[in-house]
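K.L.:
Sharing a model prediction with you, sequence too.
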Amino acid sequence: MPAVRLNKLLATTAIVTLLGAAGAAIAEPKVGMTTDAPPAPSAAPSTPATDPSPAKPADHATEAAPASAVAVSPAAGMQSSPSSAEQAASSPAKTRSSAAAGGDEVPTTGAVDAAPTAASTEPAPAAVTNAVSEADAAVTTQLREIANGKFDRIFGGKKERAAFESFYSSHNFAPLWITDGQVSARGKAAIAYLGQVDADGLDPADYQVPNFASLTDPAALAEAELKLTTSVVTYAHHAQVGRVHWTRVSGDIFYDQKTAGPAEVLANLAQAKDISEALAAYEPHHPAYLALKAKLAELRAGKESSGPAPIANGPVLKIGMQDERVPLLRDRLHVKADGGPAYDKPLAEAVAKFQQEHEIKGAGVLTPATVEALNGRKPDRPTDIIIANLERWRWMPHDLGKTYVMVNLPDFTLRVVQNGHQVWTTRIVDGKPNLPTPIMSAEMKYITVNPTWNVPPSIIAKEYMPILQQDSTALERMGLKVSTDSDGTVHIAQPPGERNALGRLRFNFPNKFLVYQHDTPEKHLFAYEKRAFSHGCMRVQDPVKYAEVLLSIVRPHDGYTQDRIRSMFGNNELDIQFPTFLPVHLTYQTAFVDADGKLEFRDDVYGRDKALLAILKSDERKVADIPIERKENVVRRELLAMPESTTTSFFGGRGFSGNGGGDFFSRLFGAPPPQPSTATQGGRRRSAQAQ
C-alpha cells in the first residue's frame, strides 16, 4: 500500500491500545517449549465483522514435560532460556490445523499455569508443545529483520508502519499467511477473495497479491507476507467506507463512519474460521445493496436488460388511429387494454397526463418528443452507474437501523421503514442542481408545529438591509417581522401561519448543512415528475400524514392522529420531542432495484455519478481514498436552509426591484421552476416557491 494512502488511515495510539487486547491471538512458537498444564486461553479481540472463534486445540500432544517449565511473556515475545537437557527432552510438533475456507490456525505461544500442588490427587495433564517448522522460523526471522528499521520501505513513514509493526511484534512476528514455508489455506482464501471483489464494484487490481508459488527464499516470503497483509487491510478499509473518499466528490456530502483499523482487521482475520466470510462482512449487507450487486452480475452475464423495451418511433397518433405500438404504450402507462391496437380516449388521457408531468406539449397526441421521454435516457454504461451507486452505499452507515427514514434524491421520494418494512412513502421536492440537497445521515429529534422562519444573519446583511434602507416598511409588507436584538443586531423572521414559507410543520434532524424537511404552501410542484426546485431543504407532499406516521413510531401511546396534529395549527410555535431519535438517510440512488425486482435508473441531477466515475477513471484514483479538506462555506449552507421569497405575491408579480430588478432570490438562484398548467394549479396564482 502506498505510504500516502495509509497516512490518513492509521491512528497509532488507538491501534496500540487495541493490540493490547489482541496480543495473544497469534505468537511465534518456540521449538521445544513445554508446559506443565494446558495453555491458558487467550483473550479474543473484539471485531465488528465476525463473531470471535475460539482457538482450536493442538492436533496432538507431546510427551510429558520435564519438571522445569518455560516462562513465557507472549505480549513481549520473551521467554527464559531452557537448559540444553530440557530442549533435548522436548519433541517439536506442528500445532497448525487447516480450518474450512482458509481458517488455518496461526501458531500461538503457550501460557504457563501454576504447577499442581503436592496435595493434588489428580494426575498432571499431558504437556503440550507448540512448535514451528524450520521454514516458518526463517520467515519469522526475516519479518523481524524487516521490522528492524526497514518497515518504512514497505509501509511508508512512522505512522504508516506503526499498526503493522505493532501487530507483528506483539505476535512475535509469526507469519499470518504462511505455513511450512508456503502460502497457507488462510492466505489462499484471502488471495481468492481479493481476486473477485469486482462483484462489489471494486477493482481487483487495487489489491495486488504475491505469487507465493514461485517463492522459496525466506526474505522473499516475508516480503510477500507483508504485501498480502497490506492488500487485505486496504480492501477492508475500502469496503467499510469507500474506494473514493466522499470529500473528493463534493462539499455537499458528509459521513462520519467509524472503521476497524488495521490492527483490528488483522486480529479478526487471525481468528476467523472462514476468511471469505470475514472479508465479505466489511461490505454493506443491506438488502438494497445486495439486490443492486446481483443486478450488476446479471448485466455482466447478459441476463439483465438495462431498461424496459423501447417504444419505436412512428407516426403521430391521435384518438381513433390504429398502431402496433399501442399495446406496449398501454403497458408502459398502466392503461388497461381493450384488446385492440386502437389509440383510444383513455390512452390519450394517460399520454396527456405524462406530457404534463414532463412539460411536453401535445395535449394527448403521441408525438416524437413524447416517445423519447417515455423511453427515457438510459445510461450509456449501466454497469458504471451501478458501480457508482455501490460505492455510495459503502459511504453510508452499514447498519441503517431497523426503523429509519430513507430519502432518494434523484427519485424525489421519501420512505419510512419500520422493522425492516416500508410503512409509508411520499413525494418530495428537493434542491435545484446549483443548490443540491446534501447526501448524509443524521437523526431526527423533534417536529416543530407552526414553525417560525428566522432569516440567516448573512442574508440579512447582504440582501435585506439594502431593502430596508430603501423602504423601511417593505419587509413588513412581505409578512416579515423586523426587530433589534439586545446587542444591536437586526433580527428578521417570518412568524407562524398559513403564509409561512415552511408551512405548518418542520421535521428537524440537526446537521452541519442546516437542512430539514418541511411543509410548503406550494403544493402544485408535486405534480412534476422531476422536482428539483428548492434551495436544498426537502418539501414533503403530505406532511400531516408524515408526522402521524413518525409519531406513531416514536410516541405510539400518545395518540397523535392527523386530526390532533391539525388541531395544533395556530400562531404559536410548538415542538414535539422524540424520546428515541430516528435515523434519516439522505441518499443519491441513480440505480436501484424496485419492489418488483426491476432495475431502475434515474437522472444524475446533481452530477454525483459523473464526478465519482471521473475520479475512478483518472490518475486521481491512486490517492482517491485519502480525504481532502474543503473550506467551510457558511453563507452557502445558510442558503441551503433558505425558503423562497414571497415578495412576488406582495409586489404584484413584479418582485422588489431593490438591487437590480426582481426579488433577490431570483438574482441569487436564477429563474423559478416553469409554471404548471392551469389544471395543475387549480386556478390559484403561483407565488414564488417555498423551500
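P.N.:
In hand now; what should we look at? Treat the numbers as computed from the prediction; the structure is a model and nothing was measured.

K.L.:
Check which element follows the longest strand along the chain along the chain.
P.N.:
In the chain, with assignment by DSSP state E, the single longest strand is strand 574-587. As assigned by DSSP states H and E, the chain's next helix or strand after strand 574-587 is strand 591-593.

K.L.:
That following strand - contacts with which helices or strands?
P.N.:
Using 3 or more Cβ pairs under 8 Å, 6 or more residues apart in numbering; DSSP states H and E, the elements in contact with strand 591-593 are helix 287-300, helix 382-395, strand 599-601. Glycine gets a C-beta too; all of them are placed from N, C-alpha and C.

K.L.:
re earlier: within its sheet, name the partner strands of the longest strand of the chain and how each one runs.
P.N.:
strand 404-408 (parallel), strand 439-449 (antiparallel) (DSSP bridges).

K.L.:
ok, A294 - how many residues close by?
P.N.:
Neighbour count of A294, defined by other Cβ atoms under 10 Å: 15.

K.L.:
Distance of it relative to Q196?
P.N.:
15 Å (Cβ to Cβ, to the nearest Å).

K.L.:
which residues touch the longest strand of the chain?
P.N.:
Contact with strand 574-587 is made by 392, 396-397, 400-401, 403-409, 437-450, 509, 538, 547, 550-551, 553-555, 560, 568, as judged by Cβ atoms under 8 Å, 6 or more residues apart in numbering.

K.L.:
most packed of the helices and strands packed on strand 591-593?
P.N.:
helix 382-395 (a mean of 22; mean count of other Cβ atoms under 10 Å).

K.L.:
that older thread, take the helices and strands packed on strand 591-593 and lay them out in CSV including distance to T230.
P.N.:
Formatted as CSV, those follow (distance: least, Cβ to Cβ, whole Å):
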stretch, distance to T230
helix 287-300, 26
helix 382-395, 20
strand 599-601, 36
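
K.L.:
Tabulate those (JSON lines), appending mean pLDDT and distance to N313.
P.N.:
Formatted as JSON lines, those follow (pLDDT from 0 to 100; distance: least, Cβ to Cβ, whole Å):
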{"stretch": "helix 287-300", "mean pLDDT": "96", "distance to N313": "26"}
{"stretch": "helix 382-395", "mean pLDDT": "97", "distance to N313": "22"}
{"stretch": "strand 599-601", "mean pLDDT": "92", "distance to N313": "21"}
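
K.L.:
Among those, which comes closest to R630?
P.N.:
helix 382-395 (15.3 Å; Cβ to Cβ).

K.L.:
Go ahead and confirm P284 touches L400.
P.N.:
No: contact criterion Cβ atoms under 8 Å: P284 and L400 do not qualify, at 9.2 Å.

K.L.:
More neighbours: which of those two?
P.N.:
Counted by other Cβ under 10 Å, P284 and L400 do not tie: P284 has more neighbours, with 22 against 19.

K.L.:
would you say that one is within a strand?
P.N.:
No: counting by DSSP: H, G, I helix; E, B strand; the rest coil, P284 is not part of a strand but coil.

K.L.:
per-domain residue ranges of the protein.
P.N.:
Here the domain parsing of the chain from automatic domain parsing is 3-280, 326-375.

K.L.:
low-confidence ranges in the stretch 201-350 of the chain?
P.N.:
304-308, 338-339 (pLDDT under 70).

K.L.:
got the residue ranges for the helices in it?
P.N.:
218-241, 262-271, 275-280, 287-300, 326-333, 345-357 (DSSP state H, counting those that start in this stretch).

K.L.:
who wins for proximity to A369 among the helices and strands packed on strand 591-593?
P.N.:
Going by Cβ to Cβ, the one of those nearest A369 is strand 599-601, 20.0 Å.

K.L.:
That closest one - contacts with which helices or strands?
P.N.:
helix 382-395, strand 591-593.

K.L.:
ok, now how distant is V209 from K227?
P.N.:
Relative to K227, V209 is positioned 7 Å away (Cβ to Cβ).
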